[in-house]
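S.K.: I would like the atomic coordinates for the input below:
(one chain, ligands or ions: 1)
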Amino acid sequence: MQDTSFAIHPGNEKANKSTQYYDIGNLIDYEINQLFQFRCERGWVTLSFYAEDIARITMKPLSKPTMESSFALMKEPQEIETVCEEHTQYLLIKTAQLHIKISKIPFRIAAYDHQGRVLVEEGKRGMAFTQKQEIICFKEMDAADHFYGFGEKTSFLDKRGEKMTMWNTDVFAPHNPETDSLYESIPYFMTIRNGFAHGIFFDNTYRTVFDLKSSQESYSFWAEGGELDYYILAGPTPKDVIAQYTTLTGRMDIPPKWALGYHQSRYSYKDEQEVRELVSLFKKKEIPVDAIYLDIHYMDGYRVFTFDYDRFPQAHSLIQELRAEGINIIPIVDPGVKQDAEYPIYQEGVRENHFCKSIEGNIYLGEVWPGISAFPDFSNTDVRRWWGQKQKFYTDMGIEGIWNDMNEPAVFNETKTMDLSVIHGNDGNPKSHRELHNVYGLLMGEATYTGLKEQLSGKRPFVLTRAGYAGVQRYAAVWTGDNRSFWEHMQMAMPMCMNLGISGVPFTGPDVGGFAHDTTGELLTRWTQLGAFTPYFRNHSNLGTVAQEPWAFGEEVGMITKKYIELRYKWLPHLYTLFREAHQTGLPVMRPLVLEYPNDPHTFNLSDQFLIGENVLIAPITRPSTYHRVVYLPEGIWYDYWTDTKYEGGTHIMVSAPLDTLPIFVKEGAMISEAPVKLSTKVPDEHVIIHVYPSQQVTEYVLYEDDGSSFSYQNKQYLERKITCHHHENQVEINIEDIHAGYSPSWKTMIFQIHGVDAMKTIYVNGQEKTDAYLEDKHILTFELNQ
Ligand code: MIG
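M.R.: Numbers count the residues shown, from 1 in each chain. Predicted structure coming up:
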């Protein structure tokens, strides 16, 4: 970034130095086994399969790849049936889903689907390396290619034309389109070309760069070191690619329901009194809330695993009281452990050898909030276990959620992180921080999540993390770090979270209202509307900024923010059903339209509207004093959620959105489930409302429900209730079937609301005529079913 105009002084123009890359050359010989090994003039290449539609390719310059186990991977290679055809110029290795072509002179790789459609191919350039052991892989780029994923990046949805670096970085400076590395590194992307999708996961923990900018003919991925180790995910649909990627890197457990409620934070609610006052305001104003965060001021001199006694003399009973009110406390826990010879955590860490060290054996010390601090070496299993057990300090007080910050790791110095020469133990296979930097946050997340899970004996933990690597979804939700109270940042949160979702992380959200800078009532209103539909919903703001709680800007803003927080609670059964789907399939809750409509060019870079699940479209207002916007509705019929006005899709429409309105559209054929408004997710529901937007076809919905708090869903204790609706001529047929009845929900009544009905109909429920239905205005046919 340019700090002064001196940076653009004409004398500073860099000569276009070209790095010397060495191509791996021609194929010399090869071995065909479960693992295919190719010896080339200047490197070795392997090919193996993880599924019929997932191939792994590794390359190491000048010697054999080690194929060491990965930090991201959950899956082992599989014995997949392959056929190998040998031709003079090339080899063709086929599974039922993927055909890999190995050209011999020079060695080049291409992948096709089983119908011969090209997924990836190499042309003039393929795999290469530099004298410094940097590695690179080029692929041809098609004019029709659009690129998604890449974890947490600024700018718009489609990343074609961008060059992106993966290096976990704490960026407090305003995030803007030229901000490159942020807190998360997920070296993976999906290409959508002519309606078909495939993916590449480049499993390399060094600094990596994806270049979709420098050429129109080819793109590349590069790493500062290590092996060229990547997976080709065959698609063919965008959803298949996410399923393939999350087969490799894992999926999240179902979060505790309370983690899906509204969360309130501030840097910091500094003492008990402030927290109590905050809670009493929520109660007085009857605004739902499920969690309150304690930022760094709760600690004694920023020492993790302590409370400041002056500020929180009765922390334990405070936490208990709040829990009784349905509110969880979530304290922040950073990795830095204060260097203090009298502080037990530091003592233990030193004595038991838990901290990161230089190769000579000195503990690495860096400055963070507590002052000079040491950093746990999470690459060692015993350190993760130690850190995990330390969570007991919190769980003993009744805490079930932890917020991990500064885990890039961030250090207050020029490079913003620890020395790259620090050597991580890595369970006896030592590696430099240069190699493991990008997984520090992931491993801290693993330690925290696993530790909490152990301490909570059967209750679901919640972990929020700032930093991570591919696979972070297994342990934590991700918030997008230090944004600002800028309209642009609210807008940017959408593509950022959508691309995180494509990258296997379904549980994400920005700081609602904006972290740094002062928010305004209008911005907070619009942002709360958006936040009600981002998977993670937390209002958070920085030290010294204006108050940003829902009531901070007077009556009108207070009313509207409350209305949207309540709307979040209404939508919980539907959102929870979608979180369950994310747990099962990896599919995100918040989706870019291109995921559902990959053939529709209007969706390719649509960055200011998104879907919740398949068929609910959210189109927030992202500018001040703006009460209308253009919404793109894809093919099909769409209902305005508020007015039931019907629109024919496949076109852009102009909608009105006064300050109290978030445009929401529901697609014909959809069903959504809603609960009554309540002050906390912990309040049991008395009924559930099923909104049906019938179409000519039979429509289907599977409502998911479980206890929301334990892991017993993993022992079949959940409910899957399938509801089908067929609306034809003068009748509506509803069928309800429990396809899995391992849990019986608190609600016994289902209220059906059939939308878009022009006259009274005969209603059959499981074949029985229902006579007590009534037709409301706005063409909604309503009836109740009691169990
Ligand atoms: O250097 O803990 O992104 O959410 O409030 C700042 C104080 C450290 C950065 C986090 C922010 C948090 C703040 N932290």
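S.K.: can you pull out the strands in the stretch 251-400 of the chain?
M.R.: Per DSSP state E, counting those that start in this stretch, the stretch 251-400 of the chain carries strands over the ranges 263-264, 291-294, 328-333, 337-338, 365-368, 371-374.
S.K.: so which of those is the most surrounded?
M.R.: Each of the strands of the stretch 251-400 of the chain was scored by mean neighbour count; the highest is strand 263-264, a mean of 26, by mean count of other C-beta atoms under 10 Å. (Glycine included, C-beta is placed from N, CA and C.)
S.K.: need the contact list for the closest residue to the ligand within the stretch 251-400 of the chain.
M.R.: In the stretch 251-400 of the chain, no residue comes nearer to the ligand than Y267, which is 3.5 Å away by C-beta to the nearest ligand atom. For Y267, the contacting residues are 295-296, 515, 540-543, by C-beta atoms under 8 Å, 6 or more residues apart in numbering.
S.K.: do that again at 10 Å, thanks
M.R.: Contacts for Y267 (C-beta atoms under 10 Å, 6 or more residues apart in numbering) come out as 293, 295-297, 332, 405, 482, 511, 515-516, 540-545.
S.K.: now those: which count as buried?
M.R.: Among the contacts of Y267, those classed as buried by 16 or more other C-beta atoms under 10 Å are 293, 295-297, 332, 405, 482, 511, 515-516, 540-542, 545.
S.K.: out of those, which is nearest to V275?
M.R.: Y293 (9.9 Å; C-beta to C-beta).
S.K.: the host helix or strand of C84: what's the following helix or strand?
M.R.: Assessed by DSSP states H and E, C84 sits inside strand 83-86. Downstream of strand 83-86, the next assigned helix or strand under DSSP H and E is strand 90-94.
S.K.: which other helices and strands does that next one contact?
M.R.: strand 27-32, strand 36-40, strand 43-51, strand 83-86, strand 98-103, strand 108-113 (3 or more C-beta pairs under 10 Å, 6 or more residues apart in numbering; DSSP states H and E).
S.K.: okay if I get those as JSON lines plus distance to the ligand?
M.R.: Listed next are the helices and strands packed on strand 90-94 as JSON lines, based on distance: least, C-beta to the nearest ligand atom, whole Å:
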{"stretch": "strand 27-32", "distance to the ligand": "49"}
{"stretch": "strand 36-40", "distance to the ligand": "45"}
{"stretch": "strand 43-51", "distance to the ligand": "35"}
{"stretch": "strand 83-86", "distance to the ligand": "51"}
{"stretch": "strand 98-103", "distance to the ligand": "41"}
{"stretch": "strand 108-113", "distance to the ligand": "40"}
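S.K.: indicate which one of those strands is closest to K770.
M.R.: strand 43-51 (46.6 Å).
S.K.: that closest one vs strand 108-113, what angle?
M.R.: With axes from the mean of the first three to the mean of the last three C-alpha atoms, to 10 degrees defining the directions, strand 43-51 sits at 10 degrees from strand 108-113.
S.K.: average pLDDT for strand 43-51?
M.R.: Strand 43-51 comes out with an average pLDDT of 97.
S.K.: any idea of the angle it forms with strand 27-32?
M.R.: Using the same axes, to 10 degrees: strand 43-51 against strand 27-32 is 30 degrees.
S.K.: just give the nearest non-adjacent residue to T395, would you?
M.R.: Leaving aside its sequence neighbours, T395 sits nearest to Q455 (C-beta to C-beta, 6 or more residues apart in numbering; 3.9 Å).
S.K.: tell me how far the one you found lies from N407.
M.R.: Taking C-beta to C-beta, to the nearest Å as the measure, Q455 and N407 are separated by 20 Å.
S.K.: K270 now?
M.R.: 23 Å.
S.K.: and H198, what element?
M.R.: For H198, the host element (DSSP H and E) is strand 196-202.
S.K.: from the chain's centroid, how far away is that strand?
M.R.: Here strand 196-202 is found 17 Å from its chain centre; the criterion is C-alpha atoms, centre = their mean, to the nearest Å.
S.K.: hmm, back to that, make a markdown table out of the buried ones among the contacts of Y267 and add distance to I780 and pLDDT.
M.R.: Below are the buried ones among the contacts of Y267 laid out as a markdown table (distance: C-beta to C-beta, whole Å; pLDDT from 0 to 100):
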| residue | distance to I780 | pLDDT |
| --- | --- | --- |
| Y293 | 39 | 98 |
| D295 | 45 | 98 |
| I296 | 50 | 98 |
| H297 | 50 | 98 |
| I332 | 45 | 98 |
| D405 | 46 | 98 |
| D482 | 44 | 98 |
| D511 | 37 | 98 |
| F515 | 41 | 98 |
| A516 | 44 | 98 |
| H540 | 38 | 98 |
| S541 | 40 | 98 |
| N542 | 44 | 98 |
| T545 | 43 | 98 |
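S.K.: and the pLDDT at S268?
M.R.: 97.
S.K.: any idea how far K667 is from the residue lying closest to G756 once chain neighbours are set aside?
M.R.: The shortest distance from G756 to any non-neighbouring residue, by C-beta to C-beta, 6+ apart, is to H779 (5.7 Å). Here H779 is placed at a distance of 17 Å from K667 (C-beta to C-beta).
S.K.: which elements pack onto the very next helix or strand once past the strand holding H198?
M.R.: Sequence order places strand 208-211 as the next helix or strand after strand 196-202, per DSSP H and E. When contacts are defined as 3+ C-beta pairs under 10 Å, 6+ apart, strand 208-211 packs onto strand 135-140, strand 163-166, strand 196-202, strand 218-223.
S.K.: now with 6 Å, please.
M.R.: strand 163-166, strand 218-223 (3 or more C-beta pairs under 6 Å, 6 or more residues apart in numbering; DSSP states H and E).
S.K.: ok, back up a step: and H779 and K667? which has more neighbours close in?
M.R.: Neighbour tally, H779 and K667, criterion other C-beta atoms under 10 Å: the higher count belongs to K667, 23 against 14.
S.K.: hang on, the earlier thing: ok, the residue nearest to T395 touching M397?
M.R.: No: counting by C-beta atoms under 6 Å, Q455 does not reach M397; the two are 11.0 Å apart.
S.K.: looking only at neighbour counts, state which of these two leads.
M.R.: Set side by side, Q455 and M397 show more neighbours around Q455, with 20 against 17, by other C-beta under 10 Å.
S.K.: need the phi and psi values for that one.
M.R.: Per-residue torsions, Q455: phi -70, psi -30 (degrees, to the nearest 10).
S.K.: what residues does the chain put near the ligand?
M.R.: Applying C-beta under 6 Å from any ligand atom, one finds that the chain approaches the ligand through 267, 295-296, 332, 405-406, 466, 481-482, 515, 540.
S.K.: next up, the contacts around I637.
M.R.: Taking C-beta atoms under 6 Å, 6 or more residues apart in numbering, we find I637 in contact with 646, 668.
S.K.: which phi and psi does it have?
M.R.: The phi/psi pair for I637 (degrees, to the nearest 10) reads phi -100, psi 140.
S.K.: tell me which of K270 and N407 has more neighbours.
M.R.: With neighbours defined as other C-beta under 10 Å, K270 and N407 compare such that N407 has more, 27 against 18.
S.K.: show me the contacts for the nearest residue to the more buried one once chain neighbours are set aside.
M.R.: Excluding its sequence neighbours, the residue lying closest to N407 (C-beta to C-beta, 6+ apart) is G441, at 4.0 Å. Residues counted as contacts of G441 (C-beta under 6 Å, 6+ apart) are 407, 465, 467-468.
S.K.: now with 7 Å?
M.R.: Residues in contact with G441 (C-beta atoms under 7 Å, 6 or more residues apart in numbering) are 168, 407-408, 465-469.
S.K.: wait, is it part of a strand?
M.R.: No: secondary structure of G441 (DSSP: H, G, I helix; E, B strand; the rest coil): helix, not part of a strand.
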